[in-house]
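J.: Structure for this input, please:
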Amino acid sequence: MVTTPLLLALAALVLATGAEWIHAGRVRSVAALAFGPGRKASPVGRLAPFIRVLALAMLVWGVATLLLLEPVAHRSTVKEVEAKERQHLLLVLDVSPSMRLRDAGAGGKESRMDRARAILESIIARTAHDKLHTTVVAVYNGAKPVVEETRDLEIIHNIMDNQMMHQAFESGKTKLLDGLAEAANIAKKWPAGSATLVLISDGDSVPASGMPKMPPSIGGVLVAGVGDPLKGTFIDGHHSRQDGSTLRQIATRLGGEYHDGNAKLVPTAMLQRLGTLAVDGKARLPGQRELAMALTTLGASLLAGLPLLLHFAGSTWQPGPKRAVTKKISRSPQLTASIH
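T.: All right, here's what the predicted structure looks like:
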């Protein structure tokens, strides 16, 4: 799709160059009539063929790009999607107090919850929004569904915006398996292969047995870790850090993939491997639409304005009778005196 406008612009460039070469031969035969005895055009006249060729190439590339780019829809109303066509993102979010520790991110200054928010928003930004329904399950010393099958991104942003959700639970140890069990219970009513399970946590001890079995609707599992995986931070009588080995173990037992998201977001290739998220992988260069609009406008303006420019500045030769210079006749002092 990206190469088609370039090929069309190249074809226009070649054809226009050939046409200008033929046109230049015809102009040379009448150069004395057009440009006078010197048989030379003005600088503007000599640049005109190059301006025409480049303007035509820009116009063709711009129009072809605008025609081939798929439009981006911005709808004011949300169209209802049938249940069988829905795409689900099922998030199990660790909301334990340790997720509020500020040791995450590339600089180690973000809170783990802020990093979880960045990971989730990057995933949603690369998926097809029209059919994506997001469900969030909060897990700490138990599990509670926060929102089910929402398409309102503002709700997701509000949930991830530093809410004190751990206060809805009794204090205790984090039980990630409870969150996975609640997620499995919610997802069992969905069509097979329609959901992607994403677990974001800083890790916790997981018993050797008791891992809940995911229903057929869960087509892909991603476990993302947040928090410094090397240096622990003291909280609640122990040092807390991202327990990558535990999170990797959970991903393996669920047949999914583990990603250390403390410094890097989830790669697009990993999302595509999950197979259940419709990742927007269309090759669209940043600002391509704006560049096409600018070149289309510039090319069309040059082609439209060039004849007018050649009319006034195409030749320095001005044929025809020269305009007579009228001199102001001043009355002599003697004639003025006789009149009075």
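J.: and D178, which of the three is it?
T.: Secondary structure assignment for D178 (DSSP: H, G, I helix; E, B strand; the rest coil): helix.
J.: so it touches V139, yeah?
T.: Yes. A contact is recorded between D178 and V139 when judged using C-beta atoms under 8 Å, the distance being 6.0 Å. In short, each C-beta sits where N, CA and C put it, glycine included.
J.: Compare these two (neighbour count), which wins?
T.: Residue environment comparison for D178 versus V139 gives the larger neighbour count to V139, 28 against 19, counting by other C-beta atoms under 10 Å.
J.: The nearest residue to the more buried one once chain neighbours are set aside: how many residues sit nearby?
T.: Taking C-beta to C-beta, 6 or more residues apart in numbering, and ignoring the residues beside it in sequence, V139 has G179 as its nearest neighbour in space, at 2.9 Å. Counted by other C-beta under 10 Å, the residues lying close to G179 total 26.
J.: G179 and D152: what is the separation?
T.: From G179 over to D152 the distance is 22 Å, taken as C-beta to C-beta, to the nearest Å.
J.: So A184 sits against I218, correct?
T.: Yes. With contact defined as C-beta under 8 Å, A184 and I218 form a contacting pair (7.5 Å).
J.: Tell me which of these two has more neighbours.
T.: Between A184 and I218, I218 has the larger neighbour count (other C-beta under 10 Å), namely 25 against 20.
J.: Assumed H259 was part of a strand.
T.: Yes. Following the definition three-state DSSP, H259 is counted among the residues of a strand.
J.: any chance you could map the helices in the stretch 201-340 of the chain?
T.: Assigned by DSSP state H, counting those that start in this stretch, the stretch 201-340 of the chain shows helices spanning 244-253, 268-274, 288-313, 333-339.
J.: Include distance to V81, mean neighbour count and mean pLDDT when you put the ones you listed into a markdown table, please.
T.: Output for the helices of the stretch 201-340 of the chain, formatted as a markdown table (distance: least, C-beta to C-beta, whole Å; neighbours: other C-beta atoms under 10 Å; pLDDT from 0 to 100):
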| stretch | distance to V81 | mean neighbour count | mean pLDDT |
| --- | --- | --- | --- |
| helix 244-253 | 29 | 18 | 89 |
| helix 268-274 | 20 | 16 | 82 |
| helix 288-313 | 27 | 14 | 90 |
| helix 333-339 | 98 | 8 | 49 |
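J.: Compare these and give me the one nearest E85.
T.: helix 268-274 (18.5 Å; C-beta to C-beta).
J.: In terms of secondary structure, what does that closest one contact?
T.: With contacts taken as 3 or more C-beta pairs under 8 Å, 6 or more residues apart in numbering; DSSP states H and E, helix 268-274 sits against strand 218-225, strand 257-260.
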